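Undergrad: Here is a sequence together with a model predicted from it:
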Amino acid sequence: MDNVYLKDIIAPAFYPIFNDIQGGKHIHYWLRGGRGSTKSSFCSIICILKLLESYGKYAAKEITKNELCNVVILRKVANSIRNSVFEQISWAINKLNCDHLFTKTKSPPEMIFKPSGQKIIFAGVDDPAKIKSLKSSNGYFKIVWFEELSEFDGIEEVRNINQSLLRGGTDFICLYSYNPPLTQANWVNFECAQPVDNRLVHSSDYRSVPKDWLGDIFFIEAELLKKTNELAYRHEYLGEVTGTGGTVFKNIVSRHITDEEISHFDNIIQGIDWGFATSAFAWVRIHYDYTRRILYIIDEIYGIELSNDVAMKKIEEKGGQFVTTYADCAEPKSIAEFNRHGFRVFPVKKGDGSRGHTMQWLRGLQSIVIDKNRTPNAWNEFMLYEFQKNKNGEWIDEYPKKNDHCIDGVRYSIERESQM
């Protein structure tokens, strides 16, 4: 690393992330960015720096051999490794003047740090058994880097991989680099919005990168796309989630709703969408502000195999038995049972076009305010809900009947409001 200055290999946008990693403040770093943001370059530099740092501590006898840092770098498909992350790590080693300290093999793809035997292992997750079998004789896998995160199948797959790899050590660094997919409904964009302890989300784009790093042509092409197709420019170069055109509710405001705020709400209504074995029971409580045409979703009960007895008890615990509630008319027995126990539940008739009408009414509101901590299921449904597609994959003006239990509860609660 002689005569290497980090400012010459790390773009300014990543200085705060570098300091955060050095301070050990988080475990999971989600690095989203557009084309040319240098997020992958940053990840590769971190991998090598942390490996060298670990060896320095080992040489100074500050840590044991079992505490040495090893690195695992993952792509969804193994055959994409050689021309992507393998070359990227080679670039980082070269930039840090460490070529002479590493041996490299391409089959299997790995690099070994000669002085200590520390490894950088590259793996595709198209063979899960290989991930579980990864081992290192010196130290543990301190760093796991998921490159092109959006190619992975979902957060469950990522979680399973981490459970296999994050063992045997006391501190870890997980890097996730990706270009955000177009739509908020994609699992990566959706998961990125969740509040998770030990996760830091960072956004970057080419505008913070020195021009000589990318070359004049890169900037010329970016400006040309900006002039000819601004939406594509914002997605490809700025890394924005610009949508696919299928989003139903573009008026969602996701924010904290305070108890003080709720104490002033004077138009509280409740809705129920019946369900049990395979379809969830959903109870929601809302407030509708006539003057500003703003709807607030302030509470929910949600569950599979939730009996009427249990549901009534949960609603009573929230003081909801005396609040006017509208429910799907398809279960008159359930409505009658609730009312026998002192509830005020009224059936909502589902005539031709009623679903489309209430959906359109909700879409036309000034805003629908949802606090994802108060009503996580309602937040999930409203944020992810998209129009139906036809057999050609084109969006059509129809509302799919799936993942909409809380949405239906809200629709029933405002059925009469929407007619006024």
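TA: Now that the structure is in, tell me what you want to look at.

Undergrad: and the gap between residue 145 and residue 196?
TA: Distance of residue 145 to residue 196, computed by C-beta to C-beta, to the nearest Å: 18 Å. All C-beta spots, glycine's among them, are computed from the backbone N, C-alpha and C.

Undergrad: ok, these two, which is more surrounded?
TA: Counted by other C-beta atoms under 10 Å, residue 145 and residue 196 do not tie: residue 145 has more neighbours, with 27 against 14.

Undergrad: State the phi and psi torsions of that one.
TA: Per-residue torsions, residue 145: phi -120, psi 120 (degrees, to the nearest 10).

Undergrad: Just list whatever residues bridge to it.
TA: residue 73, residue 175 (DSSP bridges).

Undergrad: List the contacts of it.
TA: Neighbouring residues of residue 145 by C-beta atoms under 8 Å, 6 or more residues apart in numbering: 43, 47, 71-74, 85, 174-177.

Undergrad: will you turn the residues you listed into JSON lines that also has distance to residue 58?
TA: Output for these, formatted as JSON lines (distance: C-beta to C-beta, whole Å):
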{"residue": "43", "distance to residue 58": "23"}
{"residue": "47", "distance to residue 58": "17"}
{"residue": "71", "distance to residue 58": "15"}
{"residue": "72", "distance to residue 58": "19"}
{"residue": "73", "distance to residue 58": "22"}
{"residue": "74", "distance to residue 58": "25"}
{"residue": "85", "distance to residue 58": "25"}
{"residue": "174", "distance to residue 58": "22"}
{"residue": "175", "distance to residue 58": "22"}
{"residue": "176", "distance to residue 58": "27"}
{"residue": "177", "distance to residue 58": "28"}
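
Undergrad: Can I get these in CSV including neighbour count?
TA: As requested, those are exported to CSV (neighbours: other C-beta atoms under 10 Å):
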residue, neighbour count
43, 25
47, 27
71, 28
72, 25
73, 26
74, 25
85, 25
174, 22
175, 25
176, 26
177, 26
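
Undergrad: Give me the buried positions along stretch 237-253.
TA: Of all the residues in stretch 237-253, those buried under the rule 16 or more other C-beta atoms under 10 Å are 237-242, 244, 246-249, 251-252.

Undergrad: Out of those residues, flag the one nearest to residue 11.
TA: Taking C-beta to C-beta as the measure, residue 11 lies nearest residue 239 of the buried residues of stretch 237-253, at 13.7 Å.

Undergrad: that older thread, in CSV: the buried residues of stretch 237-253, plus distance to residue 108, pLDDT and secondary structure.
TA: Formatted as CSV, these follow (distance: C-beta to C-beta, whole Å; pLDDT from 0 to 100; DSSP: H, G, I helix; E, B strand; the rest coil):
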residue, distance to residue 108, pLDDT, secondary structure
237, 35, 96, coil
238, 37, 95, coil
239, 32, 93, coil
240, 38, 90, coil
241, 36, 86, coil
242, 39, 81, coil
244, 38, 69, coil
246, 41, 81, coil
247, 43, 84, strand
248, 47, 89, coil
249, 47, 91, coil
251, 51, 89, coil
252, 46, 89, strand
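
Undergrad: and residue 88, that one's in a helix?
TA: Yes - judged by DSSP: H, G, I helix; E, B strand; the rest coil, residue 88 forms part of a helix.

Undergrad: Who are the contact partners of the closest residue to it other than its chain neighbours?
TA: Distance criterion C-beta to C-beta, 6 or more residues apart in numbering; nearest residue to residue 88, sequence neighbours excluded, is residue 44 at 4.6 Å. Counting by C-beta under 8 Å, 6+ apart, residue 44 makes contact with 85, 88-89, 91-92.

Undergrad: Can I get the residues you listed in TSV including distance to residue 395 and pLDDT?
TA: Listed next are the contacts of residue 44 as TSV, based on distance: C-beta to C-beta, whole Å; pLDDT from 0 to 100:
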residue	distance to residue 395	pLDDT
85	35	95
88	37	97
89	41	97
91	41	96
92	42	96
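
Undergrad: quick one on the thing from earlier: now the residue nearest to residue 88: how far from residue 321?
TA: In terms of C-beta to C-beta, residue 44 sits 59 Å off from residue 321.

Undergrad: and what of residue 297?
TA: Distance of residue 297 to residue 321, given as C-beta to C-beta: 20 Å.

Undergrad: In terms of neighbours, single out the busier of these two.
TA: More neighbours surround residue 297 than the other of residue 297 and residue 321, with 26 against 18 (other C-beta under 10 Å).

Undergrad: For that one, pull up the helix or strand it's in.
TA: Here residue 297, judged by DSSP states H and E, is contained in strand 294-303.

Undergrad: From residue 301, how far off is residue 104?
TA: 57 Å.

Undergrad: Could you check which of those two is surrounded by more residues?
TA: Taking other C-beta under 10 Å, residue 104 and residue 301 do not tie; residue 301 has more neighbours (23 against 14).

Undergrad: Ramachandran coordinates for the closest residue to that one other than its chain neighbours?
TA: Using C-beta to C-beta, 6+ apart and skipping residues adjacent in sequence, the residue nearest residue 301 is residue 283, 4.2 Å away. With angles defined as degrees, to the nearest 10, residue 283 sits at phi -120, psi 130.

Undergrad: which non-adjacent residue is nearest residue 158?
TA: Excluding the flanking residues, the one nearest residue 158 by C-beta to C-beta, 6+ apart is residue 152, at 5.8 Å.

Undergrad: ugh, wrong one, I meant residue 80
TA: Nearest one to residue 80, counting by C-beta to C-beta, 6+ apart, is residue 124 at 7.3 Å.

Undergrad: ok, the contacts of residue 44 vs residue 140, which is closest?
TA: Using C-beta to C-beta, residue 89 comes nearest to residue 140 of the contacts of residue 44, at 18.9 Å.

Undergrad: Check the gap between the closest one and residue 152 for me.
TA: Separation of residue 89 from residue 152 (C-beta to C-beta): 19 Å.
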